[in-house]
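Peer 1: give me a 3D structure for the following:
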Amino acid sequence: MTQTTKYIILTLITFIVGFYFLHTAYFASSKNPYAQEIVLIVLGTIATILITAALLNKQSELELEKEHHIKIFELKSNIYLDLINFLEKIVTKGKVTDDEMVYIEFLTHKISIVASEKVLQEYSGFIDVLKKVSDDRIISDSDSDEISLALAKLTVKIRQDLMENTGESFEIEKVIVKNVNKF
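Peer 2: Numbers count the residues shown, from 1 in each chain. Next up, the predicted model:
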């Protein structure tokens, strides 16, 4: 049971007990209206405190959840950008070293930690392309085009992952691939 639920239940119990007490006190002190007013003030204060505590607790939960989402977003975007920067480096250099292949292997592990299922599926295809074109450790212009096309398809899934499936259509993928093919 969450804290908010506990506060709500406690508030309800307070109101029920308070109502019973007021009902009894009202008839018992019908000659003394000040006693009734004091009971109402105390009951109102307790209810206000409990409601305020419930609201503050809910606000804290939402803030923590928001911070969690921000941290995950930053982590994902940093890892995805590391991948793109790394690929830019090896494609512009025109060759791949053994150390760079080890780096991509460990970058794969990082991606596996944070990526969505769709990104991981597309990343698997991307890795197949990357391994195929880098077997000879030389990246030709046609190899660069293959990497770029595979990366474009991966970028679509990354975009959906970072934007948390905003319902973008298949048209986005066509536009991204079309933009990449212009080069």
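Peer 1: okay, now D145: neighbour count?
Peer 2: Around D145 there are 15 other residues, counting by other CB atoms under 10 Å. In short, each C-beta sits where N, CA and C put it, glycine included.
Peer 1: which element is it on?
Peer 2: helix 141-162 (DSSP states H and E).
Peer 1: dump that helix to CSV, restricted to CA.
Peer 2: This file holds the C-alpha atoms of helix 141-162, laid out as CSV (Å, rounded to 0.1, in the frame of the first residue of the first chain):
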residue,chain,number,x,y,z
ASP,A,141,32.9,3.9,-50.4
SER,A,142,30.3,1.2,-51.0
ASP,A,143,30.9,-0.2,-47.5
SER,A,144,30.4,3.3,-46.2
ASP,A,145,27.1,3.5,-48.0
GLU,A,146,26.0,0.2,-46.6
ILE,A,147,26.9,1.3,-43.0
SER,A,148,25.1,4.6,-43.5
LEU,A,149,21.9,2.9,-44.8
ALA,A,150,21.9,0.4,-41.9
LEU,A,151,22.6,3.2,-39.5
ALA,A,152,19.7,5.2,-41.0
LYS,A,153,17.3,2.3,-40.3
LEU,A,154,18.8,2.0,-36.8
THR,A,155,18.4,5.7,-36.2
VAL,A,156,14.6,5.4,-36.9
LYS,A,157,14.3,2.9,-34.0
ILE,A,158,16.6,5.0,-31.8
ARG,A,159,14.4,8.0,-32.5
GLN,A,160,11.3,6.1,-31.5
ASP,A,161,13.0,4.8,-28.4
LEU,A,162,14.1,8.3,-27.3
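Peer 1: and that helix, how far out from the chain's middle?
Peer 2: Put simply, helix 141-162 sits 23 Å off its chain's centre (CA atoms, centre = their mean, to the nearest Å).
Peer 1: list the buried ones in it?
Peer 2: 143-144, 146-148, 150-161 (16 or more other CB atoms under 10 Å).
Peer 1: ok, now stretch 118-131?
Peer 2: By neighbour count on 16+ other CB under 10 Å, the buried set for stretch 118-131 is V119, E122, Y123, F126, I127, V129, L130.
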